[in-house]
Each structure stands twice: as C-alpha cells, then as structure tokens.
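Student: My questions are about this predicted structure, shown below with the sequence.
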Amino acid sequence: MRVKSIQFTITLSFIFITVTVMLIVSLVLYNKFSRTAEENAFLNTQQIIEQMQFNLENYIEGMADTFQVVDAKIAKSRGIPSDKLLEQLDTIASTREDIVSIDLFTADGELVTGIHNTEMRKNTRLTEQSWFKSALENPNHLTFSLPHIQNLFKEPYKWVVSMSKGVTIQREGQWVDAVLLVDVNFKTLDDVFRTVSLGKKGYVYIIDESAGNIVYHPQQQLIYIGLKYENVEQALKFSYGKYMDEADGETRLNVVKTVSNIGWKIIGVSYLDEIVTTRNEISTFMIWLFVIVLVFILLISAFMSARISQPIKRLKKSMEMVEKGHFDTYIHVRGADEVEQLSRRFNLMVSRVRELMDQSIHEQEVKRKNELEVLQSQINPHFLYNTLNSVVRMVGSGKNEEVVTTITSLSKFFRISLSKGKNIITVQEEIEHIRNYLIIQKMRYKDKFDYEIQVDEEALPYKTLKLILQPIVENALYHGIEYMVDEGHIRISARIEGERILFQIRDNGVGIPEETLKGILSGQTKSEKGSGVGLRNVNERIKLYFGPSYGVTVESEPEEGTMVNIWIPKVLEEEV
C-alpha cells in the first residue's frame, strides 16, 4: 500500500479514529475494573475473616461451656478427691475429642485429681506457669492461655490451649483455694485455620489483645522467634478495620476482626500483587480486545481498495517467483479488463519461456550423450592399436597358439563392443566382454597379473549399459598393478542386491591417495594416462541413463588396493 494512495488515506483515518476512541474507553474501563478488583479483594477477605470469627467464637463458647460443667461438678462435690467426681470428669472428657486433660491443683501446685493419660512429671514448675498465676490472681475468671506444649505429664507432649480458673474446694472438711485446668488440643483450631485460603500467598493469624502475642500462625515458629514478620502494633489499634503494610518488599492488605468472648484478634493477610494479577488479567483482556477491534476495522477499511489492488499484487508476486526461477508459475486473476489481459499475456510469456528452457535442456542432454558416445568410441582404436602391436611381437617370436587365442578374443571383444550400435546389452554379454579383454591383456602382460570372475547366474539376463567394466579394469591395470613388484590380482563379481545389480572390481594394486580419491569422480582429479574414459565418465554415463540413484563408488587404501562398486537397476530389456 503506497503512502499517497487513497487506500492508505482511508485506512489510516479509520485506524486513527478507532484507536482514539478505544484508548479512552479502555482507560475508563481499566480504572473501573481495577477499583472493583480491590474492593472485591477486601470484601472477600472480610467475609472469610467474619466467618472465621463466627466459627472461633462458637468453638471458644463450646469450650467455656464444657469448662463450666466441670466447674459445676467440682463445686457440688463434697470431699475431693472422690471416685464419683473422677467418673463424672471422665464422662465429660469423653464427650469431646479435643480435651487432652482435666486436672485440679491446690494453690501450692499439688495435684488433687484429674483425667490424664500418664503420670505427672517432676520439676514442672507448675506454680510459675502463666495460666496458673492468672487463675490465682483472677479467681472465678476463666483465663485462656497462649498455645504451648503441655509438659505437666509424661509423654505424649501435645500442643494445647489451657483454660484455667481459680476455685474453692472442700478437702478433708476444709475449704481451700485451688486451680482448675482444662487443656484443649490446639490441633483442632490449627486444622480449621489451615483450610482458609486468601489467594496463593495470603494467610490468617491470631494475636491476643493484651500484649499482641501470636496465638496462631501458619508458620508456627513465628510464635517463638518473635513478631518481626507481622505488624502487630498496627493490628492492636483496630477492633475491626483494615490497613496496608509491607513485608519483604511486598505490599499487603491486612483485615482485622476481634473475637468478642476471648479478646483475640484475627488478622487476614492478602498480598497486593495477587490483586495486581487481576489487574494484569484485565489489562491483557483490554489489549487483546483493542487489537482484535483494530484488526477488524483495518480489514473493513482495506476491503474495497484491496479488491482493486489485490490482482496487481498477485501479478507482482508471480513475477517475483519467475524472477527466482519458478517457471511453473501460473496465475488466475480476475479484475479490471487491463489487469486480466496483462495476466493472460504474463501466462503466455512464462509458458513460452518454459518451453524454450525444456528444449534447451533436451538439446544439452542429447549433446552430452553424443559426447559420451564419442569418448566411448575412442576406446576401440586405442585398444586395437596396443593389441595389434602385441600380436606382431608374438608372431615374430613364433607363438602361434597365443596369436590365435589373442585374435579370437579380440574379435569377440569388438563384436560385443559394436553390438549392432546398441548401448544396452545383457549382464552376460558385459561379463563376456571383460573376460575377452582380460584374456588379451593377460597375453600382453604375461605373469604380471591373474584374474578371477564370479557372477550370480540370476543376474545374467538383466540389462546393463555396455562398456562399464572395461574402463575400470583398464585403470586397475595401468594405474594399480603395472607399478607393482609382486604379481597383481583382479577379482570381478556381479550379483543381485535387492532391486539393484552390483558389479565389483577389486585389485591389490598400489591404491589411490586420499586426496586423489576425493576428486576422482567429481572431475577435479584427471588421469594422466589410460583409456581417457575412466571412472568419472562411467559414473556419468550410468547416472545419465539410469538416474542419480545409481553410479560408481570407490574405496581405496594406499599399498592395499582398490575396490570399485558399480550400481545399476535390475531391469529387463523392455524396461530400458
């Protein structure tokens, strides 16, 4: 889209108006939703704390009622201790699973009677414990202690809240001061509070109203290590309310509620970053809404102009594809008459270019085949010249029998080479051709080398490109065995491997250096002597006729010899 086009101007105007309106609406909605999120967080925390206050008050009231029943039973008892009182106390303890012990002590700390599971420990410093002192200092007033480990009796040591009260009992006919103690398992309260959830990080804790001591905290160790993690002084200022504070660099919302019948304060702590998370979710929603609406308006505003410009863009894209060499591109464009005519002429041009390229490729392929055939034809005069020289020398030496063998093999060799002008012969004919070649070379080189031919009979009827073995064997003789001091050996084999036929030519010659081997088939390394066709031309001929999946591979080690693998497809004559 050009900057000065009508399409660009209309689209830009719609986008500007839409963005302005949506920004104003988004800011208003975001502020509204943010305030609502904070208010909902406070209300949610408040409702949870009020519910906990209600549950705790009911629980404390239930414990106080149980204590009053125990107190009444002791007040009515004449003569303590007594079996009847002990039985009554045991009955009361069995009604509540959270009662750990019920005990009665004298003002001197002597155990008068009680319900407990084990014997009393020595050196408990009973009279120095806070609940004991509070009971004597405030007689006839029920006192609740802070949670602590009950250590009056031998194991088990449980986490308890002690309810104590100063009472008067009749003992041995006299009225004496005493302290009534009921220990309640604090785990019941702990289980209730741990189920409370104020977000992922929020929690609830309880303090007493007198000194701000922590009664309950989900991190129970805070009861012992101090109050540095909680702003207790601020909480003590409220019977009901809220305040903000910081802990470890995080802002928190604290909601305070007082338990009326015991004076404890319940504080709910919510982390502001979780409220901000809600804001972030709102922000994300607003952004996505903004983007979607913007895209929608952009599509609507660009629709009409796109109907005109799109055919031109498609044509431009098709030209770029042709520029990159994709000449199979064809476009179907409908639009204004001029655009449609231009598209048809573009398709005609691309079609004509493709035809010319196909024609050029075909001509190059024919030219390449002709060049390879010319190279192939050069084998015959070169080899014939050397063989006739050998025959002349044998005639001069009177070796008539060897002359006959050589001439016979030479005639068979050329008969298969000519093959009535055909380039495709059977595997059997190719093997016979290389056998005659080796017979002739054996006559020339005498004891310089021997050879071995092994052929899978099932492979004989299949077809192959002719003259693919002779150049390889010639290289083995001229470049591998000719320079050896010891006798050379050439082994030729042919067998079926799946859907392919494998020819192998192995010699024990001097081998090929690694650098030479790397470039031998790529054409970077050229033979300084030999037939002139060599490995590379055999490889190119096979790939040209049968495809890139076939060809020649070479394995060689200096002073160890060379193995050449020739792969061709397993085909019959009608398939070639």
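Tutor: On my side now, so go ahead.

Student: okay, CA-based contacts and neighbour counts for the rest of this
Tutor: Fine.

Student: Could I get the full set of helices for the stretch 301-450 of the chain?
Tutor: 337-377, 379-396, 400-418, 427-445 (DSSP state H, counting those that start in this stretch).

Student: got the residue ranges for the helices in the stretch 151-300 of the chain?
Tutor: 187-194, 222-225, 232-236, 272-323.

Student: about what we covered before: mean pLDDT for the helices of the stretch 301-450 of the chain: which is lowest?
Tutor: Set side by side, the helices of the stretch 301-450 of the chain give their lowest mean pLDDT on helix 379-396, at a mean of 66.

Student: got any ranges where the stretch 101-250 of the chain has weak pLDDT?
Tutor: The stretch 101-250 of the chain contains residues with pLDDT under 70 at 210-211, 220-229.

Student: show me where it has strands.
Tutor: Using DSSP state E, counting those that start in this stretch, the strands of the stretch 101-250 of the chain run over 111-115, 143-144, 148-149, 159-171, 174-185, 203-207, 214-216, 240-247, 250-258.

Student: Could you dump the ones you listed into a markdown table with mean neighbour count and distance to residue 399 added?
Tutor: A markdown table is the format used below for these (neighbours: other CA atoms under 10 Å; distance: least, CA to CA, whole Å):
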| stretch | mean neighbour count | distance to residue 399 |
| --- | --- | --- |
| strand 111-115 | 18 | 134 |
| strand 143-144 | 21 | 134 |
| strand 148-149 | 16 | 124 |
| strand 159-171 | 22 | 122 |
| strand 174-185 | 20 | 124 |
| strand 203-207 | 22 | 115 |
| strand 214-216 | 22 | 122 |
| strand 240-247 | 14 | 114 |
| strand 250-258 | 21 | 111 |
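
Student: Quick one: closest of these to residue 100.
Tutor: Of all the strands of the stretch 101-250 of the chain, it is strand 174-185 that lies closest to residue 100, at 5.4 Å by CA to CA.

Student: how much does the closest one deviate in direction from strand 111-115?
Tutor: Angle of strand 174-185 versus strand 111-115, following axes from the mean of the first three to the mean of the last three CA atoms, to 10 degrees, is 40 degrees.

Student: same for strand 174-185, what does it pack against?
Tutor: Using 3 or more CA pairs under 8 Å, 6 or more residues apart in numbering; DSSP states H and E as the contact test, the elements touching strand 174-185 are strand 99-106, helix 130-137, strand 159-171.

Student: Apart from its neighbours in sequence, what residue is nearest residue 252?
Tutor: residue 271 (4.5 Å; CA to CA, 6 or more residues apart in numbering).

Student: do residue 454 as well
Tutor: Using CA to CA, 6+ apart, the nearest residue to residue 454 is residue 493, at 4.6 Å.

Student: Kindly tell me how buried that neighbour is, as a neighbour count.
Tutor: Neighbours of residue 493 under the rule other CA atoms under 10 Å: 16.

Student: That one sits in which helix or strand?
Tutor: Here residue 493, judged by DSSP states H and E, is contained in strand 488-497.

Student: What residues of the following helix or strand past that strand count as buried?
Tutor: Later in the chain than strand 488-497, the nearest helix or strand by DSSP H and E is strand 500-507. Residues of strand 500-507 classed as buried by neighbour count (16 or more other CA atoms under 10 Å): 501-507.
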